[in-house]
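K.L.:
Below is the sequence, then the predicted model.
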Amino acid sequence: MGSYLVRLKVLPTGPEVPSQQLIESVKGRLEKDMVFKNSKEDPIAFGLYSLTIDIVVPEVEGMIDKVEVAVASAPLVAQSELMGASRLSSQLKNL
């Protein structure tokens, strides 16, 4: 069975929320088969930022929707948007 890499853009509830705290909030909502891979902070304006996060999930029907719901329901997330999903090869190696 393969895996998907799901990429989402996440906005915090306000500029006063530290990015690490937002990441921990998202991680706390992920199910055991959803693996947080990495994140990137992108400044917007006036101290507000967005996070682009990558989550790896098994290739199971409906899993991408479950990730979207889990991330959107995190306490410090004001808004989230699916940016894309791609299939990972089982033979992909880390560099």
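P.N.:
Alright, I've got the coordinates. Fair warning: this is a prediction, and the values are worked out from it, not measured in the lab.
K.L.:
list the buried ones in the one helix or strand residue 57 maps to?
P.N.:
Element membership of residue 57, judged by DSSP states H and E, is strand 48-58. Neighbour counts over strand 48-58 (16 or more other Cβ atoms under 10 Å) mark 49, 50, 51, 53, 55, 57 as buried. The way it works is simple: take the backbone N, C-alpha and C, and place the C-beta from them, glycine included.
K.L.:
Just checking: what are the partner strands of it?
P.N.:
Note on strand 48-58: by DSSP bridges, its sheet partners are strand 3-12 (antiparallel), strand 35-45 (antiparallel).
K.L.:
So for residue 71, which of those sits nearest?
P.N.:
With Cβ to Cβ as the measure, strand 3-12 is the member of those nearest residue 71 (5.6 Å).
K.L.:
ok, then the element right after that closest one?
P.N.:
Strand 3-12 is succeeded, C-terminally, by helix 19-29 (DSSP H and E).
K.L.:
In terms of secondary structure, what does that following helix contact?
P.N.:
Applying 3 or more Cβ pairs under 8 Å, 6 or more residues apart in numbering; DSSP states H and E, we find helix 19-29 packed against strand 3-12, strand 35-45, strand 48-58, helix 63-72, strand 77-88.
K.L.:
Flag every buried residue along the last one.
P.N.:
Buried residues in strand 77-88, counting neighbours by 16+ other Cβ under 10 Å, are found at 77, 80, 85.
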